[in-house]
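Participant: Structure here, sequence nowhere to be found:
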């Protein structure tokens, strides 16, 4: 599944939309980025298997999953969700996901809880090296969930996202010339299966912002025409303007290694942030940058404005608090910008909470941390961020 931009680019047939999809125009009127936070999805106690106590309203518990202090907190939460799926506790999963979705619940640092719930459902867990049997069992459980509750939007979207992941499992992460004909056929077939599931799910009464993210994932794999990709983004933003993952997916789509040209991704980030405007626009700019920045040295990141990234990071922390994931991403970007002062400050706050997804290797994290510590000049503890453009 796509979490960072470090992937190889294939070429595929065009994506086809269902009839009746309207073309929408992006405007400042509905591009409001940071919505009001809600505690509507606070959870009641649950037992060791995650089952809600009899006679209580289902809610999710975040106690013990504090990502403001522990980089593993969100991953552990995802594993808890995965265990509910492995136990086929579909009723609780539907309840948890609906609470997170309807309450627009956020985690420390602003991540949407419903997005992280899907990370717990979109591939076999535990383990990074799933076997074919693991995938078959995982997909079978999701298919069973759809049968048990055919009106569950969460089950359908999770199944579609899993087929996207299953498609990439067949293709592999190498360049297109390393992929066999058989692998291409499996990749295409599984992406088509994912798209079909999403199209069927679009007729459900319940709706979910992650539906559009899943469709963007299919579009990336199938090589959607840029105009159609923009149309899909516009529809997604119209549905839920604050779901910033749409912008991250589009920024990745526009990288030169995929379907854009040099400067397309960074220009998209700037234009999107400008439409939102002000501090909220800066926050969106930072969140888009976290998708493009990569320990693999993505060249496009060099076109982003470091001063605006700094302002956006500050705004995110002010609005949603500290997140170890955001801190790691910020430290990586500071290192890429050779800003030893900002990098050192971030590393001091990170401590031992290094993020493997961000740094890839612990050796690179330690090397970067040591560089910042020795390179950072002695400066006042407080330093104002660069003024807005």
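Facilitator: That came in fine, so what should we check first? Just so it is clear, the model here is predicted, and its values are computed rather than measured.

Participant: So which elements touch whichever strand or helix holds residue 252?
Facilitator: Taking DSSP states H and E as the criterion, residue 252 maps to helix 245-253. On a contact count with 3 or more Cβ pairs under 8 Å, 6 or more residues apart in numbering; DSSP states H and E, helix 245-253 meets helix 210-222, helix 226-239, helix 264-276, helix 278-292. Any C-beta I mention is one placed from the backbone N, CA and C, and that applies to glycine too.

Participant: pLDDT of it, averaged?
Facilitator: Helix 245-253 shows an average pLDDT of 97 in the prediction.

Participant: can you map out the helices along the stretch 1-150 of the chain?
Facilitator: 73-86, 90-102, 113-119, 132-148 (DSSP state H, counting those that start in this stretch).

Participant: Include mean neighbour count and distance to residue 155 when you put these into a markdown table, please.
Facilitator: As requested, the helices of the stretch 1-150 of the chain are arranged in a markdown table below (neighbours: other Cβ atoms under 10 Å; distance: least, Cβ to Cβ, whole Å):
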| stretch | mean neighbour count | distance to residue 155 |
| --- | --- | --- |
| helix 73-86 | 19 | 10 |
| helix 90-102 | 21 | 7 |
| helix 113-119 | 21 | 11 |
| helix 132-148 | 16 | 4 |
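
Participant: of all those, which lies closest to residue 369?
Facilitator: helix 73-86 (21.1 Å; Cβ to Cβ).

Participant: Got the domain ranges for this structure?
Facilitator: Listed by automatic domain parsing, the domain ranges of the chain are 1-10+17-35+225-389, 38-105+113-208.

Participant: In TSV: these, plus distance to residue 216.
Facilitator: As requested, the domains of the chain are arranged in TSV below (distance: least, Cβ to Cβ, whole Å):
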stretch	distance to residue 216
domain 1-10+17-35+225-389	4
domain 38-105+113-208	10
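
Participant: right, so of the ones you listed, which gets closest to residue 218?
Facilitator: Nearest to residue 218, of all the domains of the chain, is domain 38-105+113-208, at 4.9 Å by Cβ to Cβ.

Participant: right, and the helices of the stretch 1-150 of the chain - which one's nearest residue 269?
Facilitator: Counting by Cβ to Cβ, residue 269 lies closest to helix 113-119 out of the helices of the stretch 1-150 of the chain; the figure is 19.2 Å.

Participant: that older thread, quick check: which of the helices of the stretch 1-150 of the chain is nearest to residue 210?
Facilitator: Across the helices of the stretch 1-150 of the chain, closest to residue 210 is helix 113-119 (Cβ to Cβ), at 5.4 Å.

Participant: Please report phi then psi for residue 240.
Facilitator: Dihedral pair for residue 240: phi -150, psi 100, per degrees, to the nearest 10.

Participant: OK, contacts around it?
Facilitator: residue 209 (Cβ atoms under 8 Å, 6 or more residues apart in numbering).

Participant: ok, now residue 303?
Facilitator: Counting by Cβ under 8 Å, 6+ apart, residue 303 has contacts 262-263, 265-267.

Participant: That one and residue 132, how far apart?
Facilitator: Taking Cβ to Cβ, to the nearest Å as the measure, residue 303 and residue 132 are separated by 41 Å.

Participant: what's the answer for residue 258, then?
Facilitator: 28 Å.

Participant: Of the domains of the chain, which is nearest residue 217?
Facilitator: domain 38-105+113-208 (4.7 Å).

Participant: can you count the residues close to residue 64?
Facilitator: Under the neighbour criterion other Cβ atoms under 10 Å, residue 64 is assigned a count of 10.

Participant: Residue 302 now?
Facilitator: Neighbour tally, residue 302, other Cβ under 10 Å: 13.

Participant: For it, give me its contacts.
Facilitator: Residues counted as contacts of residue 302 (Cβ under 8 Å, 6+ apart) are residue 336.

Participant: Can you read off the backbone torsions of it?
Facilitator: phi -60, psi -10.

Participant: What pLDDT does the model give it?
Facilitator: 95.

Participant: From residue 151, how far out is it?
Facilitator: For residue 302, the distance to residue 151 - Cβ to Cβ - is 47 Å.

Participant: and if you look at residue 119?
Facilitator: With distances taken as Cβ to Cβ, residue 119 is found 23 Å from residue 151.

Participant: For residue 244, which non-adjacent residue is spatially closest?
Facilitator: Excluding its sequence neighbours, the residue lying closest to residue 244 (Cβ to Cβ, 6 or more residues apart in numbering) is residue 287, at 4.8 Å.

Participant: for residue 198, helix, strand, or coil?
Facilitator: For residue 198, the assignment made with DSSP: H, G, I helix; E, B strand; the rest coil gives helix.

Participant: where in the stretch 1-150 of the chain is pLDDT low?
Facilitator: 1-63, 126-128 (pLDDT under 70).

Participant: still on that earlier bit, as a markdown table, the helices and strands packed on helix 245-253 with mean pLDDT, mean neighbour count and distance to residue 100 would be great.
Facilitator: Formatted as a markdown table, the helices and strands packed on helix 245-253 follow (pLDDT from 0 to 100; neighbours: other Cβ atoms under 10 Å; distance: least, Cβ to Cβ, whole Å):
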| stretch | mean pLDDT | mean neighbour count | distance to residue 100 |
| --- | --- | --- | --- |
| helix 210-222 | 97 | 24 | 11 |
| helix 226-239 | 96 | 18 | 16 |
| helix 264-276 | 97 | 20 | 24 |
| helix 278-292 | 97 | 24 | 19 |
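
Participant: Make JSON lines out of those and add distance to residue 331.
Facilitator: Output for the helices and strands packed on helix 245-253, formatted as JSON lines (distance: least, Cβ to Cβ, whole Å):
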{"stretch": "helix 210-222", "distance to residue 331": "26"}
{"stretch": "helix 226-239", "distance to residue 331": "29"}
{"stretch": "helix 264-276", "distance to residue 331": "20"}
{"stretch": "helix 278-292", "distance to residue 331": "11"}
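
Participant: So for residue 336, which of those sits nearest?
Facilitator: Between those, helix 278-292 lies closest to residue 336; by Cβ to Cβ that is 10.1 Å.
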